[in-house]
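J.: I'd like to go over a predicted model; first the sequence, then the structure.
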Amino acid sequence: MPETVQGMIAARLDSLPPEEKELIQNAAVIGKVFWTGALAALGDSEPPFLLEERLHELERKEFLRRERRSAVAGETQYAFLHLLVRDVAYAQIPRAERASKHAHAAEWMESLAADRSEDRAEMLAHHYLEALELVRATGADETALREPARRALKEAGERALALHAPAAAVGYLERALELTAPEDPDRARLLFAYVETKWAMGQNEIELAETAHDLAIAGGQRELAAEALSLLAHQLWAEGLNDLAVQRSNEASALVADLPASRTTASVRAERAVRLWISGRVDEGLELALQTLAEAEAVGAEDVAAHALRVIGTIRAGGGDEQGFVDLEKSAEIGRKLHDPLTIHLALSNMANMHWHIGRIAEGARYLELDRETQTGFGLTPASGNLRWIEGEKILYFDMVGSWRETLRQATQFIESLGEGRHYLVGACLLVSANALVACGDQTGALAASERALELAREVKDPQQLHPALLSRARALFAAGERRESQVLLDELMAAKPWLNEYWFKEVPWALLEQGREEEYLAAAKDAVQSAWVEAGVAVASHDFARAAAIYERCGARGVEAIARLHAAEQLASEGQTTRAGEELVRAHEFFLAEGATPYVRRCESLLAAAS
């Protein structure tokens with residue numbers, strides 16, 4: 001502040017009687033608001049009535065005011081009338097004395113019962129940290145302050161986590177770790193909490209998760225070690241390292257295999273159910289998730305029950321069972337009850353995906369938007385893991401509806417935002433980019449994107465990445481005239497028996513049609529879970545393109561709808577039904593022009609020229 005202002009306030013403070021000036025300085029140590037009990041703890045022992053008289057006098061002199069409500073139950077709360085007064089008063093206290101006063105303020109707050117103040121943990125951590133830093137600055141011995149400061153920071157971190165304030169929690173836990181000796185048995189638990197919180201903020205700390213596991217094993221903390229491995233598995237999967245993720249998940253399960261049921265054992269098994277399901281062992285994943293749900297409910301672990309319900313609901317909904325959507329909604333509802341953004345995100349994200357899988361594009365998009373609004377409402381930033389994932393899912397939505405320009409723009413932006421970092425959805429962004437580039441006639445770009453997508457998918461060895469990548473690469477190769485190579489990849493895909501009801505495979509009937517293999521789709525569709533995608537695919541394979549277009553239109557898949565309308569127009573024109581052909585052609589042509597789909601525009605214009 002300007003020296004003149006500071007000097008005027010200092011002069012005014014210096015004009016006070018010594019006991020009033022000391023009272024102001026003690027109040028300044030406590031903060032912008034303060035309480036009579038805290039002032040008594042920092043000052044000399046004197047009757048409470050005398051303290052109240054001095055506070056009343058300072059209130060009359062307009063240094064402070066008494067507030068109607070108090071943040072500490074049973075205590076009268078005061079506040080500085082002007083914060084500049086507090087700053088100047090605080091600056092007048094010698095540093096060594098300040099350290100002592102902060103320590104006394106912390107001791108008073110530590111004496112409060114936890115239910116007397118919601119902010120107790122944060123205030124306690126603040127005063128111990130201030131005391132510690134001031135002691136260090138003066139070169140005094142900090143030994144007596146380290147442990148109480150560590151405990152206070154740990155408590156503040158736990159409270160911030162309970163309030164779903166990960167950024168604040170990370171700061172507290174980081175400082176607590178600085179004060180925790182390497183051999184301290186509590187270090188593993190603190191480190192795990194830190195890594196878990198960083199994960200919630202969208203930051204992987206794989207090496208630290210491994211360290212937390214190693215410390216837990218060394219300290220005989222088997223359950224904690226298993227939790228660390230489960231978290232590590234999720235992090236590795238998110239970076240596209242599926243083999244390692246499965247390995248760590250198996251190791252976690254082995255650690256708790258002979259332990260009695262608990263929240264930890266249920267949590268570890270829920271994570272393993274996810275690995276089984278995503279790796280293509282769907283029936284095993286469902287069975288383990290059902291067992292986990294019963295275990296979680298038995299031990300009262302609602303968050304784990306929500307996790308298990310998400311797995312159960314996703315598998316059921318993906319298999320065509322509407323009960324799956326009920327399970328997913330239950331999972332989201334538990335997340336809302338617990339005020340847990342991650343649980344809500346996982347349930348709503350999967351809800352969106354499952355609606356997409358059966359052809360309800362708009363409904364799925366509404367759940368994705370609800371998820372985004374929910375995460376933003378919790379104060380999460382765009383860099384957080386949850387919101388970053390939602391942005392990635394939005395790109396898949398643009399691909400589904402056929403917004404090829406937007407797909408390319410958003411996918412490029414998503415990949416560039418990661419820098420050198422890895423992310424599970426990079427492969428998905430590459431393969432939908434390849435789809436869009438094929439549609440827009442950029443064969444070179446499509447070949448490059450699809451090649452990289454397939455390379456990543458083969459590294460990941462995750463069916464839900466590998467199968468769509470095979471399809472994307474096959475279509476890019478076919479468009480570039482590499483028909484033999486395209487056939488080989490399409491053979492590999494069909495041998496893997498993809499779930500044709502999923503939106504990933506909306507192009508399968510078109511890829512088979514291009515190669516004259518429609519009968520393969522019709523044969524595969526007989527055993528497939530039914531959905532709008534399968535219904536439309538059967539129409540395509542049966543050369544009933546007008547019917548396929550109507551189904552795609554109902555889904556909201558405007559890209560494949562336009563392709564179907566173009567095929568219908570060509571078919572109708574060859575049959576001499578020029579009026580109907582023209583109706584289909586106009587709608588397809590308008591869409592392709594808007595999206596810059598040059599190959600399709602040329603086909604439309606060629607048909608128009610032939611008709612004229």
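T.: Sure thing, it's come through.

J.: average model confidence for stretch 97-113?
T.: Stretch 97-113 shows a mean pLDDT of 87.

J.: only the buried residues of it, if you could.
T.: Under the neighbour-count criterion of 16 or more other CB atoms under 10 Å, stretch 97-113 has 98-110, 112 buried. All C-beta atoms are positioned from the backbone trio N, CA, C, and that covers glycine.

J.: which of those fall within helices?
T.: Judged by DSSP state H, the buried residues of stretch 97-113 include 98-110 as members of helices.

J.: out of the residues you listed, which is nearest to residue 561?
T.: Of all those, residue 561 sits closest to residue 109, with 64.7 Å by CB to CB.

J.: excluding its backbone neighbours, what's nearest the closest one?
T.: Take residue 109 and drop its neighbours on the chain: the residue closest to it by CB to CB, 6 or more residues apart in numbering is residue 124, 4.8 Å away.

J.: that neighbour should be in a helix, yeah?
T.: Yes. Under DSSP: H, G, I helix; E, B strand; the rest coil, residue 124 falls within a helix.

J.: can you pull out the strands in the stretch 1-150 of the chain?
T.: For the stretch 1-150 of the chain, the strands defined by DSSP state E, counting those that start in this stretch occupy 33-35, 64-66, 77-80.

J.: of those, flag the one that's most buried.
T.: strand 33-35 (a mean of 22; mean count of other CB atoms under 10 Å).

J.: contact partners for residue 463?
T.: Residue 463 sits next to 278, 279, 280, 496 when contact means CB atoms under 8 Å, 6 or more residues apart in numbering.

J.: ok, residue 176 to residue 262 distance?
T.: Residue 176 is 25 Å from residue 262, where distance means CB to CB, to the nearest Å.

J.: gap between stretch 457-473 and the chain center?
T.: Chain-centre distance of stretch 457-473: 23 Å, with CA atoms, centre = their mean, to the nearest Å.

J.: in the stretch 501-612 of the chain, where is pLDDT below threshold?
T.: Across the stretch 501-612 of the chain, the ranges flagged by pLDDT under 70 are 612.

J.: what of the chain?
T.: 1-3, 44-45, 114-118, 202, 612.

J.: what residue lies at the spatial centre of it?
T.: residue 386 (1.8 Å; CA atoms, centre = their mean).

J.: pull the contacting residues for the spatially closest residue to it that is not a sequence neighbour.
T.: Spatially, and ignoring its direct neighbours in sequence, residue 386 is nearest to residue 345 (4.3 Å; CB to CB, 6+ apart). For residue 345, the contact set (CB under 8 Å, 6+ apart) comprises 335, 371, 374, 375, 386, 389, 390.

J.: what helix or strand is residue 345 on?
T.: Residue 345 belongs to helix 341-357 when assigned by DSSP states H and E.

J.: ok now that helix, how far from the chain's centre?
T.: Its chain's C-alpha centre and that of helix 341-357 lie 11 Å apart, by CA atoms, centre = their mean.

J.: just stretch 89-96 next, same as before
T.: Worked out by CA atoms, centre = their mean, stretch 89-96 lies 44 Å from the chain centre.

J.: just stretch 531-543 next, same as before
T.: Stretch 531-543 sits 35 Å away from the centroid of its parent chain (CA atoms, centre = their mean).

J.: just stretch 556-572 next, same as before
T.: Using CA atoms, centre = their mean, the mean C-alpha position of stretch 556-572 is found 37 Å from that of the whole chain.

J.: with stretch 501-518 instead?
T.: 32 Å.

J.: now that stretch: buried residues?
T.: The neighbour-count check on stretch 501-518 (16+ other CB under 10 Å) flags 501-514, 517-518 as buried.

J.: stretch 180-200 now?
T.: Buried, per 16+ other CB under 10 Å, within stretch 180-200: 180, 184, 187-200.

J.: same deal with stretch 120-128?
T.: Going by neighbour count (16+ other CB under 10 Å), the buried part of stretch 120-128 is 120, 121, 122, 123, 124, 125, 126, 127, 128.

J.: quick check: the first one vs residue 412, distance?
T.: Spelled out, it's residue 120. Distance of residue 120 to residue 412, computed by CB to CB: 48 Å.

J.: try the fourth one
T.: Applying CB to CB, one obtains 47 Å for the distance of residue 123 from residue 412.

J.: and for the fifth one?
T.: Residue 124 sits at a distance of 48 Å from residue 412 (criterion: CB to CB).

J.: then the third one?
T.: Shown here: residue 122 relative to residue 412, a distance of 42 Å by CB to CB.

J.: also the last one?
T.: Relative to residue 412, residue 128 is positioned 48 Å away (CB to CB).

J.: do the same with the second one
T.: Taking CB to CB as the criterion, residue 121 is separated from residue 412 by 44 Å.

J.: contact partners for the closest residue to residue 539 other than its chain neighbours?
T.: Leaving aside its sequence neighbours, residue 539 sits nearest to residue 548 (CB to CB, 6+ apart; 3.8 Å). By CB under 8 Å, 6+ apart, the contact set of residue 548 is 536, 537, 539, 540, 560, 564, 567, 568.

J.: one more time with 10 Å
T.: Going by CB atoms under 10 Å, 6 or more residues apart in numbering, residue 548 touches 509-510, 535-542, 560-561, 563-565, 567-568.

J.: the residues you listed, buried ones only, as a PyMOL selection?
T.: Command for PyMOL, covering only those of the contacts of residue 548 found buried under the criterion 16+ other CB under 10 Å:
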select buried, resi 509+510+535+536+537+538+539+540+541+560+561+563+564+565+567+568
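
J.: in helices, which of the contacts of residue 548 fall?
T.: Of these, the ones assigned to helices by DSSP H are 509-510, 535-541, 560-561, 563-565, 567-568.

J.: just give me the closest of these to residue 150.
T.: Among the ones in helices among the contacts of residue 548, residue 560 lies closest to residue 150 (CB to CB), at 59.4 Å.

J.: surely that closest one and residue 536 touch.
T.: Yes. With contact defined as CB atoms under 10 Å, residue 560 and residue 536 form a contacting pair (7.5 Å).

J.: I'd like to know which elements the helix or strand containing residue 434 is packed against.
T.: Assessed by DSSP H and E, residue 434 sits inside helix 425-439. Contacts defined by 3 or more CB pairs under 10 Å, 6 or more residues apart in numbering; DSSP states H and E place helix 425-439 against helix 385-401, helix 404-418, helix 443-460, helix 463-479, helix 558-574, helix 578-595, helix 598-611.

J.: ok, now with 8 Å
T.: Counting contacts by 3 or more CB pairs under 8 Å, 6 or more residues apart in numbering; DSSP states H and E, helix 425-439 is packed against helix 385-401, helix 404-418, helix 443-460, helix 463-479.

J.: buried residues, the helix or strand containing residue 315. List them.
T.: Element membership for residue 315, per DSSP H and E: helix 302-318. For helix 302-318, the neighbour count (16+ other CB under 10 Å) marks 302-318 as buried.

J.: repeat for stretch 197-210
T.: Residues of stretch 197-210 classed as buried: 197, 198, 199, 200, 201, 202, 203, 204, 205, 206, 208, 209 (neighbour count, 16+ other CB under 10 Å).

J.: still on that earlier bit, looking at the buried residues of stretch 180-200, which are in strands?
T.: Counting by DSSP state E, no part of these is found in strands.

J.: show me the two of those residues that sit farthest apart.
T.: Across those, the longest distance by CB to CB is 24.2 Å; it joins 184 and 200.

J.: first-to-last residue distance for stretch 275-282?
T.: 9 Å (CA to CA, to the nearest Å).

J.: check the offset of that stretch from the chain's centre.
T.: 21 Å.

J.: mind giving me a markdown table with the ones in helices among the buried residues of stretch 97-113 and columns for distance to residue 423?
T.: Conversion of these to a markdown table gives the following (distance: CB to CB, whole Å):
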| residue | distance to residue 423 |
| --- | --- |
| 98 | 46 |
| 99 | 46 |
| 100 | 50 |
| 101 | 48 |
| 102 | 43 |
| 103 | 46 |
| 104 | 49 |
| 105 | 45 |
| 106 | 42 |
| 107 | 47 |
| 108 | 48 |
| 109 | 42 |
| 110 | 43 |
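
J.: nice, that's everything, thank you.
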